[in-house]
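Colleague: Quick one, what's the 3D model for this:
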Amino acid sequence: MTGDPALTGQHVRWDDVPAQVPAPGIERRIVTGRQLMACRLRFDAHVVTAVHRHPHEQMTLVLAGRVRFTIEGTERIVKAGDVVHFPPNVEHGATMLDEEVVLIDVFTPVREDLLFTAPRALDT
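Modeller: Just a heads-up that it's a prediction; the model follows:
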């Protein structure tokens, strides 16, 4: 019997989720539920993301590397093992430092703007 994975639950391996390349030096894989989204991101060293804001609440778990986050104009260096919380509409951006960086970004609600470039990984 098949059902809606967002209701029945799923087990998925990151390596099995299709990767997208939103910009040079960035690889993103997305898994979604009904109200929650997780993105695994891999960045080359020295990649800079634009300062931005969105209405979604975000948690970022740093798995590897070091990142300089700018949060509402304040710089903060984070490293593997750290967690950063961004409330809705807080301005933020990131600069990867001298090594590859791997992050997990968790959003609620789902960032529909990111789904236009990737299939919903759990809809199979």
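
Colleague: Let me see the ranges of the strands in the protein.
Modeller: Ranges of strands within the chain are 20-23, 26-32, 37-43, 57-64, 66-71, 74-79, 83-86, 92-96, 101-108, based on DSSP state E.

Colleague: Among those, which comes closest to Val12?
Modeller: strand 26-32 (5.9 Å; Cβ to Cβ). From N, CA and C alone the C-beta is placed, and that goes for glycine too.

Colleague: The closest one pairs with which strands, and in what direction?
Modeller: Strand 26-32 has its sheet partners listed here by DSSP bridges as strand 20-23 (antiparallel), strand 37-43 (antiparallel).

Colleague: which of those strands sits most buried?
Modeller: Burial of the strands paired with strand 26-32 is given as mean neighbour count (mean count of other Cβ atoms under 10 Å); strand 37-43 ranks first at a mean of 21.

Colleague: That one vs strand 66-71, what angle?
Modeller: 120 degrees (axes from the mean of the first three to the mean of the last three Cα atoms, to 10 degrees).

Colleague: Tabulate the strands of the chain (TSV), appending mean pLDDT and distance to Arg13.
Modeller: Shown next, in TSV, are those (pLDDT from 0 to 100; distance: least, Cβ to Cβ, whole Å):
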stretch	mean pLDDT	distance to Arg13
strand 20-23	92	17
strand 26-32	95	10
strand 37-43	97	11
strand 57-64	98	15
strand 66-71	97	25
strand 74-79	97	25
strand 83-86	97	23
strand 92-96	97	25
strand 101-108	98	14
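
Colleague: Could you export the strands paired with strand 26-32 as TSV, including distance to Thr60?
Modeller: TSV is the format used below for these (distance: least, Cβ to Cβ, whole Å):
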stretch	distance to Thr60
strand 20-23	16
strand 37-43	9
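
Colleague: Enumerate every residue touching the residue most central in space within the chain.
Modeller: In the chain, the centroid-proximal residue (Cα atoms, centre = their mean) is Asp105; its distance is 3.1 Å. Contacts for Asp105 (Cβ atoms under 8 Å, 6 or more residues apart in numbering) come out as Ala38, Cys39, Leu41, Gln58, Met59, Thr60.

Colleague: so it bridges to which residues?
Modeller: Cys39, Thr60.
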